[in-house]
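A.B. asks: Fold the following, please.
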Amino acid sequence: MLVFIIPVKSATVAKDWGSTCRLFQRTLRSTCQQRSPAFRTIVVCNEHPAPQFHHPQVEFLTVDFVPPAKETNPIARGLTDKGRKVLKGLIHARDTAEPTDPPTHAMIVDSDDCVSQRLAGLVQQQPDREGWYLHQGYKYREGDRVLYLKRRNFYRMSGTANIVAFHRLQLPAIPEYNRGYGYYKFYVDHQKVRAMMADRGTPMDSLPFPGAVYVLATGDNMSGNEDNLSFNFLNRRPLTPALAQEFALDTPP
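C.D. replies: Next up is the predicted model:
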């Protein structure tokens, strides 16, 4: 079983909470429309983002984490909050798993990105794999009629980047990464997970298809690197109904 963990930023730090909720609902739909039923989605949030639909395999976990008051860097502040929520979701997934159907893999999904509907099926077919990193994916500017294929190193750009074997996660007893846990980067530094897994002698495979859409121009991207991304017309792909269906994107009018 594949467990999706979606950490949602607090309304107190979101630039536009209404937009955050709208984008999250699309992200949630993308995890819920998996072709295989072997998945579970855990949303970790301060405030409930009130989805417009419900699914029996979705669980909301409400927390009271407060972003560090002394942190002035908004990116670092966001990662601290994200890291706590990711760990909380993973620990909850472990502690509440059915003994007969434990999670085999976990994937952290940014709350404004979208994932392919093929992921749970791949995990179900290959449950003993160490995991997959997303070598390919799409960049999408909100409202466009096209996507841009990122042919290499998508996992370095997007936080929706890795599917990791659950038993390799080394979960701590409490959902904190800033209290002496030297491996916290495993949960927030998505671009380093591939190398860390290889260094442990448990290398991941490259996902054999584009696995996610990195959504840009939302006004609330955590990475803040939108202006540094290139959009080569040779990598441009029309947002066809098939692609829109695979990633739960809306086709612009």
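A.B. asks: Please look at residue 241 and residue 251 and confirm they touch.
C.D. replies: Yes - counting by C-beta atoms under 8 Å, residue 251 is a contact partner of residue 241 at 6.4 Å. C-betas here are computed from N, CA, C, even on glycine.
A.B. asks: So, low pLDDT: which residues of the stretch 51-200 of the chain?
C.D. replies: 67-79, 175-186 (pLDDT under 70).
A.B. asks: for residue 42, what are its contacts?
C.D. replies: 3-6, 58-59, 61, 89, 92-93 (C-beta atoms under 8 Å, 6 or more residues apart in numbering).
A.B. asks: Doesn't it belong to a strand?
C.D. replies: Yes - under DSSP: H, G, I helix; E, B strand; the rest coil, residue 42 falls within a strand.
A.B. asks: Pairing partners for it in the sheet, please.
C.D. replies: On the basis of DSSP bridges, residue 42 is bridged to residue 5, residue 59.
A.B. asks: burial of residue 209, as a residue count?
C.D. replies: 14 (other C-beta atoms under 10 Å).
A.B. asks: Check it and give its pLDDT.
C.D. replies: Predicted confidence (pLDDT) for residue 209: 98.
A.B. asks: List phi and psi for it.
C.D. replies: Note on residue 209: its backbone torsions stand at phi -160, psi 160 [degrees, to the nearest 10].
A.B. asks: Please tell me I have it right and it contacts residue 119.
C.D. replies: No - with contact defined as C-beta under 8 Å, residue 209 does not reach residue 119; the gap is 9.5 Å.
A.B. asks: Report the contact partners of the residue nearest to residue 236 when sequence neighbours are not counted.
C.D. replies: Leaving aside its sequence neighbours, residue 236 sits nearest to residue 146 (C-beta to C-beta, 6 or more residues apart in numbering; 5.0 Å). Residues in contact with residue 146 (C-beta under 8 Å, 6+ apart) are 236-239.
A.B. asks: that older thread, which of the contacts of residue 42 are buried, as a ChimeraX select command?
C.D. replies: Here is the ChimeraX command that picks out the buried ones among the contacts of residue 42, judged by 16 or more other C-beta atoms under 10 Å:
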select :3,4,5,6,58,61,89,92,93
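A.B. asks: which among the contacts of residue 42 gets closest to residue 130?
C.D. replies: residue 3 (15.8 Å; C-beta to C-beta).
A.B. asks: Helices of this structure, start to end?
C.D. replies: 17-32, 74-95, 119-125, 154-157, 185-188, 193-199, 241-247 (DSSP state H).
A.B. asks: nearest to residue 103, of the ones you listed?
C.D. replies: Per C-beta to C-beta, nearest to residue 103 of those: helix 74-95, 5.5 Å.
A.B. asks: related to what we said a few turns ago, can you tell me which of the helices of the chain comes nearest to residue 173?
C.D. replies: helix 74-95 (8.3 Å).
A.B. asks: gap between residue 150 and residue 107?
C.D. replies: Counting by C-beta to C-beta, to the nearest Å, the gap from residue 150 to residue 107 is 18 Å.
A.B. asks: One more: residue 57?
C.D. replies: In this view, residue 57 and residue 107 are 14 Å apart by C-beta to C-beta.
A.B. asks: quick one, which of these two is more surrounded?
C.D. replies: The neighbour count for residue 57 versus residue 107, taken as other C-beta under 10 Å, is higher for residue 107 (26 against 17).
A.B. asks: Pretty sure the more buried one sits against residue 115.
C.D. replies: Yes - the pair residue 107 and residue 115 qualifies as a contact (C-beta under 8 Å) at a distance of 7.4 Å.
A.B. asks: joint contacts of the two?
C.D. replies: Going by C-beta under 8 Å, 6+ apart, residues that sit against residue 107 and also against residue 115 are 4, 160.
A.B. asks: how about residue 92, what does it touch?
C.D. replies: Residue 92 neighbours (C-beta under 8 Å, 6+ apart): 42, 44, 59, 61.
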